[in-house]
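Visitor: Pasting the sequence and the predicted model now:
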Amino acid sequence: MPRLEGKIALITGAASGIGAATAALFAAEGAAGLVLTDLRPEALAAVAAPLGERVVALAHDVTREEDWRCAADEAVARFGRLDVVVNCAGIALPGDIEQTTLADWRATQAVNSDGVFLGCREAVRVMKEGGRGGAIVNISSVAGMIGDPKLAAYCASKGAARLLTKSVALHCARRGYKIRCNSVHPSFAATPMVEAMIARSRSPERTREGLAHASPLGRMAAPEEIAAAVLFLASDESAFITGAELAVDGGLTAA
């Protein structure tokens with residue numbers, strides 16, 4: 001039986017990378033409805049088009065409360081409920097503590113931290129109705145578990161997502177909402193965001209090699225490998241897992 005048969009899911013940042021890979025996998029695993037959101041409508045439409053008729057593509061700024069409420073309400077209006085929310089939208093602006101501007105800091109927190117907060121809050125609002133429950137999966141990073149001297153704002157934002165996940169999980173469990181909340185922590189994956197970071201570096205080839213060898217497995221992850229972890233946490237196979245952090249990092253955090 002497909003692992004998401006009958007479930008309705010909302011995925012942010014779905015126009016590329018991990019979000020797009022997750023959308024394709026959810027569709028393949030029988031999701032009854034998908035609400036895909038991003039700020040890039042043309043790229044999002046290209047992702048949504050092959051996935052069938054029960055897919056809704058929405059322009060969505062995850063830093064805006066109004067956009068979040070509209071996205072969650074649209075899922076319920078179109079499909080009757082919302083079972084899974086994947087907070088995947090994110091940005092990475094390199095900079096150490098001396099180089100990072102306040103504007104870059106605030107932009108990073110707005111997307112990576114505020115966006116996850118709003119997504120969790122809206123997910124809880126609609127999932128608790130009727131006692132059906134659901135699953136929230138927050139895409140954090142290994143940079144939310146260990147430090148990186150060149151990613152001050154990014155580390156802080158992903159650390160916030162990591163601990164917010166645990167707070168949401170405990171709150172929902174104690175209220176009896178039947179809503180699980182877990183986080184996924186990728187290391188470097190072959191996504192447009194990472195490719196852009198490589199391209200901005202002084203020596204792209206050396207940077208690419210360094211990122212590949214950062215993990216003991218000696219390579220970067222494919223977005224589909226991260227999506228597989230998201231699928232597990234979104235499915236009923238993980239019904240007794242909440243407040244957990246799943247590192248998909250080729251062994252990076254084991255060292």
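Guide: Great, that's in hand.
Visitor: and the closest residue to residue 114 other than its chain neighbours, how many residues sit next to it?
Guide: Distances taken as Cβ to Cβ, 6 or more residues apart in numbering place residue 63 nearest to residue 114, at 5.5 Å, with adjacent residues excluded. Using the backbone N, CA and C atoms, a C-beta is placed for each residue, glycine as well. By other Cβ atoms under 10 Å, the residues close to residue 63 number 18.
Visitor: Also residue 55?
Guide: 19.
Visitor: what's the answer for residue 56, then?
Guide: 18.
Visitor: swap in residue 68?
Guide: 26.
Visitor: so where does it fall, helix or strand?
Guide: In this structure, residue 68 sits in helix 65-79 according to DSSP states H and E.
Visitor: Just list what the helix or strand following that helix packs against, helices and strands only.
Guide: For helix 65-79, the following helix or strand on the C-terminal side (DSSP H and E) is strand 84-87. Strand 84-87 sits against strand 8-11, helix 17-28, helix 115-127, strand 134-139, helix 223-234, with contacts defined as 3 or more Cβ pairs under 8 Å, 6 or more residues apart in numbering; DSSP states H and E.
Visitor: which residues touch the third one?
Guide: It refers to helix 115-127. Helix 115-127 has contacts (Cβ atoms under 8 Å, 6 or more residues apart in numbering) with 10, 12, 62-65, 68-69, 71-73, 75-76, 81-83, 85, 87, 89-90, 133-134, 136, 138, 160-161, 164-165, 168, 171-172, 177, 179, 181.
Visitor: Show the buried residues in those residues.
Guide: Neighbour-count burial (16 or more other Cβ atoms under 10 Å) is assigned, among the contacts of helix 115-127, to 10, 12, 62-63, 68, 71-72, 75, 81-83, 85, 87, 89-90, 134, 136, 138, 160-161, 164-165, 168, 172, 177, 179, 181.
Visitor: Let's check: the centremost residue of the chain is which one?
Guide: A centroid search over the chain (Cα atoms, centre = their mean) returns residue 88, at 2.2 Å, as the residue closest to the centre.
Visitor: Tell me how far it lies from residue 181.
Guide: Distance from residue 88 to residue 181, counting by Cβ to Cβ, to the nearest Å: 14 Å.
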